[in-house]
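Colleague: starting from these lines, generate the structure:
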Amino acid sequence: MAIKIPKQVMGNASKQAIKLLKPNIEDAVSKRVEELKQQMISEFMNHPVTEEIMNGYNATNTSNTLSGEGNLFSFIGFESDDAPIIPIIEALEKTNVSFSMITSTSVIANISLPSPQDIFAMTPMPWASGRSWAKGIESGISGIGFYIQKYGQGRSEGGFQTKSKVRSGRFKNTPYISALLNKYRILFSKINNAQINIKSL
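Modeller: Numbering: from 1, shown residues only. So this is what the prediction gives:
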């Protein structure tokens, strides 16, 4: 994501004055980028889906994505010692900014921010590498009718899938990664009322 500091910010200052202003501009933009990054990570960590998955196979379904018993960790089928949230946190932590001057009156701030597709690529279903569990939270995950919660059973030790349908209900699609990143792409784009071009990590 490239930020071009508008001319009204730079004003009609001389080249020498701009050289003096550049560190201040960079400091201000860097500080705001870091603030937004930490806000984004905090919002992700406090999301009901994130909290439920981090609580593991004995969590309650506080995200209300499942009807009846069970939780996301065991329904998705993670191994009992998996930490599926960690790769997402690491990707969000990589959000950063670098600077360059393309003209005497233009400072470019290049902000790298993961896209939803970046996150989907690093969150494969435990039983289907071509599908993303993070995307499934948003678009739906099948199989709830065949899922039984039972501690000490299944790869998660919190439940398993049967061959025949044992319950009714459906998965409740929930805004997650796409909503979060789209929100923060907009917030990053408003830094100093700058003109923005977005790029992924």
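
Colleague: name the residues of the host helix or strand of Asp118 that are buried.
Modeller: For Asp118, the host element (DSSP states H and E) is helix 116-121. By neighbour count on 16 or more other CB atoms under 10 Å, the buried set for helix 116-121 is 116, 118-120. C-beta coordinates here come from the backbone N, C-alpha and C atoms, glycine included.

Colleague: pick the one among those closest to Ile88.
Modeller: Ile88 has its nearest neighbour among the buried residues of helix 116-121 in Ile119, at 5.8 Å by CB to CB.

Colleague: could you list the low-confidence segments of this structure?
Modeller: 1-22, 101-106, 145-146, 149, 151-164, 166-168, 192-201 (pLDDT under 70).

Colleague: so where do the strands sit in it?
Modeller: 2-4, 96-103, 106-112, 124-125, 128-132, 147-149, 159-161, 195-197 (DSSP state E).

Colleague: wait, what's in contact with Glu52?
Modeller: 59-63, 71-73 (CB atoms under 8 Å, 6 or more residues apart in numbering).

Colleague: grab the most central residue of this structure for me.
Modeller: Ile177 (4.6 Å; CA atoms, centre = their mean).

Colleague: ok, that one - contacts?
Modeller: The contact partners of Ile177, by CB under 8 Å, 6+ apart, come to 88, 116, 119-120, 134-135, 137-138.

Colleague: buried residues, the lengthiest helix in the chain. List them.
Modeller: The single longest helix within the chain, with elements called by DSSP state H, is helix 15-45. Neighbour counts over helix 15-45 (16+ other CB under 10 Å) mark 18, 21, 25-26, 29, 32-33, 36-37, 40-41, 44 as buried.

Colleague: stretch 84-102 now?
Modeller: Result for stretch 84-102 [16+ other CB under 10 Å]: buried residues 84-85, 88, 91-92, 95, 97, 99.

Colleague: how far away is the closest residue in space to Ile88 that isn't next to it in sequence from Val49?
Modeller: Closest residue to Ile88 apart from its sequence neighbours, by CB to CB, 6 or more residues apart in numbering: Ile119 at 5.8 Å. Taking CB to CB, to the nearest Å as the measure, Ile119 falls 13 Å from Val49.

Colleague: now do the longest helix of the chain: which elements does it pack against?
Modeller: Applying 3 or more CB pairs under 8 Å, 6 or more residues apart in numbering; DSSP states H and E, one finds that helix 15-45 contacts helix 7-10, helix 86-93, strand 96-103, strand 106-112, helix 177-189.

Colleague: now these as CSV including distance to Pro126?
Modeller: Shown next, in CSV, are the helices and strands packed on helix 15-45 (distance: least, CB to CB, whole Å):
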stretch, distance to Pro126
helix 7-10, 49
helix 86-93, 13
strand 96-103, 31
strand 106-112, 29
helix 177-189, 18
